[in-house]
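Asker: here is a sequence with its predicted model. Questions after.
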Number of protein chains: 2
Amino acid sequence: MSADPLSEVFSALADPTRRDMVARLAVADATVNELAEPYDLTVQAVSKHLRVLEDAGLVSRTRDAQRRPAHLEAEVFDLMTKWIERYRREAEERYRRLDELLAQMPDQPVGPNKPENKGKKK
Amino acid sequence: MSADPLSEVFSALADPTRRDMVARLAVADATVNELAEPYDLTVQAVSKHLRVLEDAGLVSRTRDAQRRPAHLEAEVFDLMTKWIERYRREAEERYRRLDELLAQMPDQPVGPNKPENKGKKK
DNA sequence: GGTATATTCAACTAAACGGTTGATTACGAA
DNA sequence: TTCGTAATCAACCGTTTAGTTGAATATACC
């Protein structure tokens, strides 16, 4: 329990059922029973899934009599987006620079692989 | 094995070591041994991690003699970003609409919780 | 050929995960 | 107070996962 926030969010969303629950909560708040209805799962299982989403900060719960409606929290998504975008950008940056570099040396044979056969071997 | 693409990417990034590897690969391609160096892990373990990233489509491998340098693939990140942004936007949309709704009815007591004590209880 | 290096494969283990069933708690209504 | 409903807790189970060690494969160098 209690891993770093990013790990928790990513692994919470690694499960397709939980992603579906998030998708549905994006439309409207829902109780455990409501959430469980479409799945071939016990409410206990869904309750557990909800707990995982809650621990990851993706969902908050309120109380309405016996019911404990779940509500999607949008803020946590930013954590992920920031992380993802950062490294995606860096990787693309690097790719772009490589492209430029290759454009600057148009004589080098860039063919399939290992174009330099400086003697030896076979 | 072979879960849906989104699950694979999310669960690949749910591990802090793997996220760190991605972060480093965003800077420069690296071999298994290079990647393993800073961690308190065997190369075999790192090789496995790399395999997970590769299966998720986050990393591609080339060959350079005995070495098999890993290269970060930026495209797959978009899958995640799209998914995340979609539901984040919906959730925020909904939040905004709720705000507007509350603004339209300024007489309702919105206090802490359950402000309506219509008789009974206690 | 033989040796060194880089990587992977195979088998194993401990812990975490996703699910179950059964009991328990919390609350509202009669 | 008793009953019904919503949700959680607790114990258990099979599978996956992250790690290990040890053997195997691939490639370059001499």
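Answerer: The structure has been received and is ready for your questions.

Asker: give me the residue ranges of chain A where confidence is low.
Answerer: A:1-2, A:105-122 (pLDDT under 70).

Asker: give me that answer again for 80
Answerer: The model of chain A has pLDDT under 80 over residues A:1-2, A:95, A:98-122.

Asker: buried set for the helix ranked longest in it?
Answerer: Identified as the longest helix of chain A according to DSSP state H is helix A:75-104. Of all the residues in helix A:75-104, those buried under the rule 16 or more other C-beta atoms under 10 Å in any protein chain shown are A:V76, A:F77, A:L79, A:M80, A:W83, A:I84, A:Y87, A:R88, A:E90, A:A91, A:R94. C-betas here are computed from N, CA, C, even on glycine.

Asker: of the residues you listed, closest to B:A28?
Answerer: Nearest to B:A28 among the buried residues of helix A:75-104: A:R94, at 7.7 Å, using C-beta to C-beta.

Asker: please name the nearest non-neighbouring residue to the closest one.
Answerer: Excluding the flanking residues, the one nearest A:R94 by C-beta to C-beta, 6 or more residues apart in numbering or on different chains is B:A26, at 7.2 Å.

Asker: quick one: secondary structure of the residue lying closest to A:F10 once chain neighbours are set aside?
Answerer: Closest residue to A:F10 in three dimensions, ignoring its sequence neighbours and counting by C-beta to C-beta, 6+ apart: B:A14, at 4.0 Å. Classification of B:A14 using DSSP: H, G, I helix; E, B strand; the rest coil returns coil.

Asker: how far away is the residue lying closest to A:R67 once chain neighbours are set aside from chain B?
Answerer: Once flanking residues are discounted, A:R67 sits nearest to A:T31: 4.7 Å by C-beta to C-beta, 6+ apart. Going from A:T31 to chain B by C-beta to the nearest C-beta, to the nearest Å gives 17 Å.

Asker: give the contact list for A:T31.
Answerer: A:R67, A:R68, A:P69, A:A70 (C-beta atoms under 8 Å, 6 or more residues apart in numbering or on different chains).

Asker: distance-wise, check it relative to A:V46.
Answerer: From A:T31 across to A:V46, the span is 10 Å (C-beta to C-beta, to the nearest Å).

Asker: check A:A26 too.
Answerer: From A:A26 to A:V46 the distance is 17 Å (C-beta to C-beta).

Asker: and chain A, which residues reach DNA strand D?
Answerer: Applying C-beta under 7 Å from any atom of the strand, we find that chain A lies next to DNA strand D at A:31-34, A:43-44, A:47, A:50-51, A:61, A:66-69, A:121.

Asker: follow-up on the earlier one: show me which of the contacts of A:T31 are buried.
Answerer: By neighbour count, with 16+ other C-beta under 10 Å, the contacts of A:T31 hold A:P69, A:A70 as buried.

Asker: then A:V46 would be within a helix, right?
Answerer: Yes: under three-state DSSP, A:V46 sits within a helix.

Asker: OK, contacts around the closest residue to A:F77 other than its chain neighbours?
Answerer: Once flanking residues are discounted, A:F77 sits nearest to B:R88: 4.1 Å by C-beta to C-beta, 6+ apart. The contact partners of B:R88, taken as C-beta under 8 Å, 6+ apart, are A:A74, A:F77, A:D78, A:T81.

Asker: would you turn the residues you listed into TSV with distance to A:D99?
Answerer: TSV is the format used below for those (distance: C-beta to C-beta, whole Å):
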residue	distance to A:D99
A:A74	36
A:F77	32
A:D78	31
A:T81	26
